[in-house]
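Visitor: prediction below, plus the sequence it came from.
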Amino acid sequence: MNQYDVIIVGAGPAGSCAAFELAKCGIKTLLLDKKQMVGSPNHCGEGISSNCMQELNLSIDMPWIVNEVSGGRLIFSNDTSVTFKQRGFCINRPEFDRHLLKRATDASAEIRTEMKVTEIERETDGWTVKTKTERFRSSYLVGAGGPRCPVAVSLGQRHPLLPAYQYKFKMKAKQHPHVHSNWLDFYHSEAFPGGYAWVFPRGDEVAIGGGSIHHLKQKLDPFCRQMGFDPKDAIKKEGGPIPFLKKPCRIVFPRALLVGDAGGFTYPLTKGGVHGAVWSGKIAGQLISKAIHQSDDRLIRGFKRLVRQHPSRKRSHLMMPLTFFNFKNEAFHCIGNIMDGLEFHNFPIVRFFAEVSRAPSLSALRGIMYAAIIQQHYKKTKHFSW
Ligand SMILES: Cc1cc2nc3c(=O)[nH]c(=O)nc-3n(C[C@H](O)[C@H](O)[C@H](O)COP(=O)(O)OP(=O)(O)OC[C@H]3O[C@@H](n4cnc5c(N)ncnc54)[C@H](O)[C@@H]3O)c2cc1C
């Protein structure tokens, strides 16, 4: 049987970043991925922030960067909006994933593709990982297999999942009233309960997508038409599930860690998970490397403490957005009326009292109150927001 120091299940951003940290310290590392070609097909809106690029220590002239943006805007159905300034990029995600994988393999990590992990078994001093055709053994195991990671599932961690889906369209003209090359636009309305819709500029293309707990496709098609694009003209259709935890899940096990989507590291408000995947994978790799070099497997217990600043690790950060995503339009409109055209961290006191004095319903007042609390949560954690 093939013996490794560490086996990583899943060669997405989380797995490749963990592998890079391990392999560069001389640790015998194996990445297993079920895909034939890592990164393809894409299952992502492909927006990442400059914070994520910095985490990866990458320059912004990468060939897989498609479009630069100044940040995001929350747009409500009464045509009001709130701005979140944060430089970022629309990327070619399959190429991004392969770039991170190459970094890991250049550092001597081994990759085996078309290896769907079907079973894992705990041994006294490590793990056996099984695919249909082969068995591998390792001292440590990293679950980086995304939202339905087989490692997470066999360790009892099944996350609630939000279905998300997007269409890509060719732009017929350079300018379009609903596509703003400088912004990622997030549309919040009761049509997308539990999620939102998005319009992301991609040079001569645009990605229009959404996430929702109910009837996603029935909602997304009319939304595309409203934005001026017919789903029949789509050049690509892509999608997948996004973990949305209601409480922090377990991520540390004897000689095993869960990272990225497998550990629920998505940002509760935006659902962006690439940054959380990269960050958690990197920390896990560094920690396991230390545990191996010091021959002390207890060291990996420190993972929980090291990642505690991520909002997915706190129940309050997880609960607030869940409420926000289920607001009725009335509440979204009140928030929009107060915040229209402003940067998210403002608190316009005059507009606030003007809106409240218009005596909106109790549920709208509740919405305004939650939005103010979420604003505070966001201020503290925005580093990870996308
Ligand atoms: C429609 C959509 C849009 C999104 N948009 C954004 C966005 O714009 N920005 C953002 O930051 N995040 C976005 N996300 C979330 C983001 O895609 C994830 O958070 C991110 O991919 C997590 O990275 P990961 O490495 O943890 O997992 P993944 O990228 O899912 O990688 C997991 C890897 O594990 C492999 N694998 C799975 N099961 C097995 C198995 N049994 N055996 C072997 N290998 C296996 C898979 O093939 C895959 O390569 C979006 C998600 C969706 C679904």
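Guide: Received, thanks.
Visitor: ok, which stretches of the stretch 201-350 of the chain are strands?
Guide: Ranges of strands in the stretch 201-350 of the chain, per DSSP state E, counting those that start in this stretch, are 205-211, 236-243, 252-253, 256-258, 342-343.
Visitor: excluding chain neighbours, what is closest to Asn326?
Guide: Closest residue to Asn326 apart from its sequence neighbours, by CB to CB, 6 or more residues apart in numbering: Pro193 at 5.6 Å. Any C-beta I mention is one placed from the backbone N, CA and C, and that applies to glycine too.
Visitor: ok, that neighbour - how many residues close by?
Guide: Pro193: 16 surrounding residues under other CB atoms under 10 Å.
Visitor: ok, it to the ligand distance?
Guide: 17 Å (CB to the nearest ligand atom, to the nearest Å).
Visitor: with Trp386 instead?
Guide: 5 Å.
Visitor: leaving out chain neighbours, which residue sits closest to that residue?
Guide: Per CB to CB, 6+ apart, closest to Trp386 is Gly272, 3.5 Å.
Visitor: what's near enough to touch that neighbour?
Guide: Gly45, Gly47, Ile48, Ser49, Thr266, Ser385, Trp386 (CB atoms under 8 Å, 6 or more residues apart in numbering).
Visitor: go with 10 Å
Guide: The contact partners of Gly272, by CB atoms under 10 Å, 6 or more residues apart in numbering, come to 44-45, 47-49, 52, 72, 88, 184, 242, 266, 384-386.
Visitor: tell me how far it lies from Ser312.
Guide: According to CB to CB, to the nearest Å, Gly272 stands 11 Å off from Ser312.
Visitor: what do those two both touch?
Guide: Any residue near both Gly272 and Ser312 by CB under 10 Å, 6+ apart counts here, and that gives Thr266, Phe384.
Visitor: show me what contacts whatever residue of the stretch 1-150 of the chain ends up closest to the ligand?
Guide: Here the stretch 1-150 of the chain gets closest to the ligand at one residue, Gly12, 2.2 Å apart by CB to the nearest ligand atom. Gly12 makes contact with 31, 33, 35, 38-39, 43-44, 93, 96-97, 100-101, 144-146, 149, 259-262, 273-274, 277-278, 281 under the criterion CB under 10 Å, 6+ apart.
Visitor: 8 Å instead?
Guide: Val38, Asp97, Ala144, Gly146, Gly260, Asp261, Ala277.
Visitor: now for the residues you listed: which two are most distant?
Guide: Largest separation among these by CB to CB: Val38 and Asp261, giving 15.3 Å.
Visitor: so the two - more neighbours on which side?
Guide: Ranked by neighbour count (other CB under 10 Å), Val38 and Asp261 place Asp261 first, with 31 against 21.
Visitor: on that earlier part again, for the contacts of Gly12, give me TSV that also has pLDDT.
Guide: Shown next, in TSV, are the contacts of Gly12 (pLDDT from 0 to 100):
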residue	pLDDT
Val38	98
Asp97	98
Ala144	98
Gly146	98
Gly260	98
Asp261	98
Ala277	98
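Visitor: gap between the most centrally placed residue in the chain and Thr113?
Guide: Residue closest to the average C-alpha location in the chain (CA atoms, centre = their mean): Gly273, at 1.4 Å. Distance of Gly273 to Thr113, given as CB to CB: 22 Å.
Visitor: packing partners of the least confident helix or strand in the chain by mean pLDDT?
Guide: Among the helices and strands of the chain, helix 362-381 carries the lowest confidence by mean pLDDT, DSSP states H and E, at a mean of 83. If you count contacts as 3 or more CB pairs under 8 Å, 6 or more residues apart in numbering; DSSP states H and E, helix 362-381 packs onto helix 315-324, helix 329-339, helix 349-357.
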